[in-house]
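Enquirer: generate coordinates for the sequence data below:
(chains A and B)
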Amino acid sequence: MSLIPETALPDSFPPYEAFRQHFGFVPAIFRAQSLLPRVIEAEAQMAGAVLLAPGALTRVQKETILLTLASRHANAYCVTAHRHFLGGLGVPPHQLDVLARDYHDAGLSSADVALLDFALKLGSEPNFIHGGEIEALRANGLTDEQILEAVLMTALTNFLCTLSAGLDVAPDFELSPIRCSIQSPPATLASPPTVATKGPYLRAVVRDQKEFPPFAFFQEKFGFIPNIFRAQTLRPDVVEAEAFTVGTVLLTDDILSRVRKEFILLVISAANLNTYCVAVHCEMLRNLGIPADASDQIAVDHRSADLGQADKALLDVALKVARRSPTFGQADLDGLRTHGFTDPQILEAVVMASLTNFLNTLQVGLGTVTDFHPRRVFATSVNLLEDPAHPMDQGTGGAEPAGDPDTELVARAKSGDRGAFEALVRNHHRRIYRTLLGVTGNPPDAEDATQTAFLKAFQHLGDFEGHARFGTWLTRIAINEGLECVRTRKPTESLSPEDEDGGPFRPRLVLGWADDPERLYQREELRAMVERAVTSLPVRYRMAVLLRDLEQLSTAEAAAALGLGIPTLKTHLLRGRLMLREALAPHFIPRQGAVARV
Amino acid sequence: MFSCEDVRAALSNYLDGDVSPDLRRELERHLSECRTCQVLYDTTRKTLHIVTNVGSFDIPEAVSEQLVKRIMSRLTLPPSAPPSHS
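Expert: Residues are numbered from 1 along each chain as shown, chains lettered A, B, ... in the order given. Presented below is the predicted three-dimensional model:
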């Protein structure tokens, strides 16, 4: 059972026959998509090429990537299915439990552990992947063919986890109580890399479109061959399956229009901070007659774009699916139905959200460079993360002031001076903690996130080239960490824009305050009042207020730390400040009618 | 003519001193004539003053030192050490 009705397909439906042959049954995730048989055909080809076809990794290695990452995502459907498959491949039940909980305790070879560390990081924290990780895998004896397959398996896992959560498919097997105990992919606490390796990371074979049909297909359909496919030619059969999937899922126009599907790709890629995919799909939309400015606006904030309510609702739900939001459910699909969307259209939107996560994960793992000059840079990697002075909003300025007080300490820390790193920790931890407490709203989470942020900063210090201030770079890492913490926390709060009203904020309590409002309360009372008011703001406005008004960062610094353009930061700040005023107003309006209502 | 809506849209930038001289003149003319916008401006200014000065979200001193120690102790672990559990 799932959120979308099923229809019976004949036993002779070729993908079902293939599933029965390989798995012994037709998994529910595929039956849940029976309204779109062509999509099941594409997925069968992808699963065949990436998971089942013999390659450089063994099937057990691939299934282990799937199991551990699905366990990290707390995806019951995929965990139970792939426990079952690994069991069938001879892995004993006890070992399956250990793998799902924490594979570091499973007695695996160092190469296997390195591969899983990499897959978990790519699958759950892609913004921290950089070329140094690929070098480390090679140093562990892994070949480019093996690394490519690990990247593909990670992308496939994200596809399957997004899809099964988006369709809310009931597991094929009994649930296991084992939970992943890895909170964050392990940081390699060796010296940070000193040189950032630029992508593409892996060796590829040059193919001519004349002799390689998938390339001829891309050339014909897109007018170019995207680098993401050029980077996978060590596995031509996979590129072939991907071309079939693109043709079947994205390029068809009969259920959702091609433009709507491109919008989904664009919005989710932007939310995933994937500049590569945003640039490609802006270009594709341009070819479909959508002006670059319009695509740009949709990527940045589809709610304020010139789109109909139905399109905005569709993109809201697609984003929620892609983020595997714990609050996603039947009500979201019912909302789409009231906008006139049919079940096959809703199904296709869920598949598109999953496909976008697949492509985004794949691109980060391959490190492919953009095919087009991106109009706007969404920080996709540590290399960009350390360079927030990149022209995110061209023409609006935004470079940070010169002169970073931490320059010398950073240089010493990079050369291995532990004392220098400790000085950086001491200089910044109060500030980072304060910001993270504001983001997460609870002290234990703020402490954990502060610790992780510093460990990640240490790990990636080699990538920090000083284009931004160290403090800004660190804040950016910390905020990602805080958001991840809030996102993975059980649904006390949603980060999704659907909870936030996109229209202009209208102040309601416009009555004068006491002349010296701070005197009305004890400092501690006042402090608790402000903390409650700040943490009640929607997270995006809260972050703008935290950085500008509590941390006193400049507008440019705050925008850089949040990966936003300056105009967007200012919009968030205005709204956050007005909401904060509204929340505090009842405490400061004199009770005795001393001020006239206006 | 400058509307109340225009004032609201520019309020945050005005408080930050981030408006052009022309816009500032328009804003101030409107504020001198419109009591509602005056109140909104004044109370938002007071909000920022309170938020900035009250010491919200500060880390207690004991926790601060512990946290620095925790971070630095993690840096000394060998690369194969298990990840943080909570």
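Enquirer: in chain B, which spans are helices?
Expert: With DSSP state H as the criterion, chain B has helices at B:4-15, B:21-33, B:35-53, B:61-75.
Enquirer: where does the stretch 401-550 of chain A have low pLDDT?
Expert: In the predicted model of the stretch 401-550 of chain A, residues A:401-403, A:487-504 satisfy pLDDT under 70.
Enquirer: can you give me the helices in it?
Expert: A:407-414, A:418-440, A:443-459, A:470-488, A:523-535, A:539-545 (DSSP state H, counting those that start in this stretch).
Enquirer: I'd like these written out as JSON lines, with distance to A:Leu99 added.
Expert: Backbone N, C-alpha and C define where each C-beta goes, glycine included. Compiled in JSON lines, the helices of the stretch 401-550 of chain A are given as follows (distance: least, Cβ to Cβ, whole Å):
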{"stretch": "helix A:407-414", "distance to A:Leu99": "36"}
{"stretch": "helix A:418-440", "distance to A:Leu99": "30"}
{"stretch": "helix A:443-459", "distance to A:Leu99": "23"}
{"stretch": "helix A:470-488", "distance to A:Leu99": "20"}
{"stretch": "helix A:523-535", "distance to A:Leu99": "38"}
{"stretch": "helix A:539-545", "distance to A:Leu99": "34"}
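Enquirer: put together TSV for the helices of chain B, with mean pLDDT, mean neighbour count and distance to A:Arg337 on each row.
Expert: Shown next, in TSV, are those (pLDDT from 0 to 100; neighbours: other Cβ atoms under 10 Å in any protein chain shown; distance: least, Cβ to Cβ, whole Å):
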stretch	mean pLDDT	mean neighbour count	distance to A:Arg337
helix B:4-15	89	18	35
helix B:21-33	89	13	46
helix B:35-53	89	19	41
helix B:61-75	88	15	49
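Enquirer: that older thread, tabulate the helices of the stretch 401-550 of chain A in TSV, adding columns for mean neighbour count and distance to chain B.
Expert: What follows is those, written out as TSV (neighbours: other Cβ atoms under 10 Å in any protein chain shown; distance: least, Cβ to the nearest Cβ, whole Å):
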stretch	mean neighbour count	distance to chain B
helix A:407-414	16	10
helix A:418-440	21	4
helix A:443-459	23	5
helix A:470-488	22	10
helix A:523-535	17	5
helix A:539-545	24	7
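Enquirer: for the residue nearest to A:Met46 when sequence neighbours are not counted, pull up the helix or strand it's in.
Expert: In this structure, A:Met46 finds its nearest non-sequential neighbour in A:Ala241, 5.0 Å apart by Cβ to Cβ, 6 or more residues apart in numbering or on different chains. Using DSSP states H and E, A:Ala241 sits in helix A:236-245.
Enquirer: just the CA atoms of that helix, as PDB, please.
Expert: Below are the C-alpha coordinates for helix A:236-245, written out as PDB (Å, rounded to 0.1, in the frame of the first residue of the first chain):
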ATOM      1  CA  PRO A 236      28.800   2.800 -20.800                       C
ATOM      2  CA  ASP A 237      25.900   0.500 -19.900                       C
ATOM      3  CA  VAL A 238      25.000   2.900 -17.000                       C
ATOM      4  CA  VAL A 239      25.100   5.900 -19.300                       C
ATOM      5  CA  GLU A 240      22.800   4.000 -21.700                       C
ATOM      6  CA  ALA A 241      20.300   3.300 -18.800                       C
ATOM      7  CA  GLU A 242      20.500   6.900 -17.700                       C
ATOM      8  CA  ALA A 243      19.800   8.100 -21.300                       C
ATOM      9  CA  PHE A 244      16.800   5.800 -21.400                       C
ATOM     10  CA  THR A 245      15.600   7.200 -18.000                       C
END
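Enquirer: who wins for proximity to A:Asn140 among the helices of the stretch 401-550 of chain A?
Expert: Nearest of the helices of the stretch 401-550 of chain A to A:Asn140, taken as Cβ to Cβ: helix A:443-459 at 17.0 Å.
Enquirer: can you give me the angle the closest one makes with helix B:61-75?
Expert: Counting by axes from the mean of the first three to the mean of the last three Cα atoms, to 10 degrees, helix A:443-459 lies at 40 degrees to helix B:61-75.
Enquirer: helix A:443-459 packs against which elements?
Expert: With contacts defined as 3 or more Cβ pairs under 8 Å, 6 or more residues apart in numbering or on different chains; DSSP states H and E, helix A:443-459 has these neighbours: helix A:418-440, helix A:470-488, helix B:61-75.
Enquirer: got the buried residues for the following helix or strand past the helix holding A:Ala241?
Expert: Sequence-wise, the next helix or strand downstream of helix A:236-245 (DSSP H and E) is helix A:258-271. Buried residues in helix A:258-271, counted by 16 or more other Cβ atoms under 10 Å in any protein chain shown: A:Arg260, A:Lys261, A:Glu262, A:Phe263, A:Ile264, A:Leu265, A:Leu266, A:Val267, A:Ile268, A:Ser269, A:Ala270, A:Ala271.
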